[in-house]
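# Sequence and predicted structure are below.
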Amino acid sequence: MTLTIALSKGRIFEETLPLLAAAGIVPAEDPESSRKLIIGTNHADVRLVIVRASDVPTYVQYGAADLGIAGRDVLIEHGGDGLYQPLDLNIAKCKMMVAVENGFDYQNAVRQGARLKVATKYPKIAREHFAAKGVHVDIIKLYGSMELAPLVGLADAIVDLVSTGGTLRANNLVAVEHIIDISSRLVVNQAALKLKYDRIQPVLDAFASAVPA
Ligand code: ATP
Ligand code: MG
């Protein structure tokens, strides 16, 4: 029985390598240099599929992958249908924040009950955050480079991931509100967990034992 694990390139792949190693799994190729989308491992019956970060939950939900690793941001936006989420892996850590252009008085705008234009790749997280605060917003869905939006008048604020804050600073933006802490989680297809339990449970245990502090 083949075990298929969905991963995205970049930081998630890099930070997952030690977890895979703890489970005795070593990829046969580096997805950064290989153009292959299916990457074998040192086990003939374990393979990795390389997909967009935001597509990982979908591959696992439909059983095209048995396991996957996805950010909490991506999982909230996806909704989590059909996914078992047994483990916070404590990798790819960052924060979901509200940010505005330097000089924009966000707190005052909120106090005044202004209707805010908010640009984001994360409409669900943004909508829920502002609804809970009772702030009226128009959400503008973007697919990247949210930092640009307030600078050119597309939005008053953005909802985006922040780690060091370097990108915000470089673009004259400031974080004004913390929404949630983000890290990546292991997700498992619910049917696969039952059908391939003997294959999957040892991987879960190995990952759990190797989660960074
Ligand atoms: P794509 O670039 O394909 O649109 P993406 O930008 O979501 O996808 P990454 O930038 O690799 O892909 O981010 C993957 C995951 O890593 C995100 O879903 C998030 O959970 C986490 N992440 C994003 N930015 C950071 C960051 N600056 N520091 C730490 N973790 C991050
Ligand atoms: Mg990115």
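That came through fine. Numbering: from 1, shown residues only. Ligands and ions are numbered 1, 2, ... in the order given.
# hey, let's count contacts and neighbours off CA atoms from now on
Fine.
# Give me the most central residue, this protein.
Nearest to the mean C-alpha position of the chain, counting by CA atoms, centre = their mean, stands G71 at 2.5 Å.
# ok, the residue nearest to that residue when sequence neighbours are not counted - contacts?
Excluding the flanking residues, the one nearest G71 by CA to CA, 6 or more residues apart in numbering is S184, at 3.9 Å. Taking CA atoms under 8 Å, 6 or more residues apart in numbering, we find S184 in contact with I12, I69, A70, G71, R72, D88, L89, N90, I91, A92, K93.
# Next, S184: phi, psi?
phi -100, psi 150 (degrees, to the nearest 10).
# quick one, longest helix in this structure?
helix 197-210 (DSSP state H).
# Tell me which other helices or strands it touches.
helix 11-22 (3 or more CA pairs under 8 Å, 6 or more residues apart in numbering; DSSP states H and E).
# Quick one: name whatever helix or strand follows the helix it packs on.
strand 38-40 (DSSP states H and E).
# near ligand 1, which residues of this structure?
10-11, 52-53, 71-74, 92-94, 161-163, 183-184 (CA under 6 Å from any ligand atom).
# Sort out which of those are buried, if you could.
Among those, those classed as buried by 16 or more other CA atoms under 10 Å are A53, G71, R72, D73, V74, A92, C94, L161, V162, S183, S184.
# Touching, the second one and I182? I think so.
The reference is to G71. Yes - counting by CA atoms under 8 Å, I182 is a contact partner of G71 at 6.7 Å.
# Check the contact lists of the two and give me the overlap.
Shared contacts of G71 and I182, defined by CA under 8 Å, 6+ apart, comprise A92.
# Going by distance to N171, which of the contacts of S184 wins?
Of all the contacts of S184, N171 sits closest to K93, with 21.8 Å by CA to CA.
# Give me the spatial nearest neighbour of the closest one, chain neighbours excluded.
Spatial nearest neighbour of K93, chain neighbours left out: S183 (4.4 Å); criterion: CA to CA, 6+ apart.
# what residues are up against A22?
A206, F207, S209, A210.
# if we go to 7 Å?
Applying CA atoms under 7 Å, 6 or more residues apart in numbering to A22 gives the contacts A206, F207, A210.
# From the contacts of S184, which land in helices?
Those of the contacts of S184 lying in helices (DSSP H): I12, R72.
# Which of the contacts of S184 fall in strands?
Assignment to strands by DSSP state E places the following of these there: I69, A70, G71, D88.
# Let's have the contacts of S184 in JSON lines, adding pLDDT.
What follows is the contacts of S184, written out as JSON lines (pLDDT from 0 to 100):
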{"residue": "I12", "pLDDT": "97"}
{"residue": "I69", "pLDDT": "98"}
{"residue": "A70", "pLDDT": "98"}
{"residue": "G71", "pLDDT": "98"}
{"residue": "R72", "pLDDT": "98"}
{"residue": "D88", "pLDDT": "98"}
{"residue": "L89", "pLDDT": "98"}
{"residue": "N90", "pLDDT": "98"}
{"residue": "I91", "pLDDT": "98"}
{"residue": "A92", "pLDDT": "98"}
{"residue": "K93", "pLDDT": "98"}
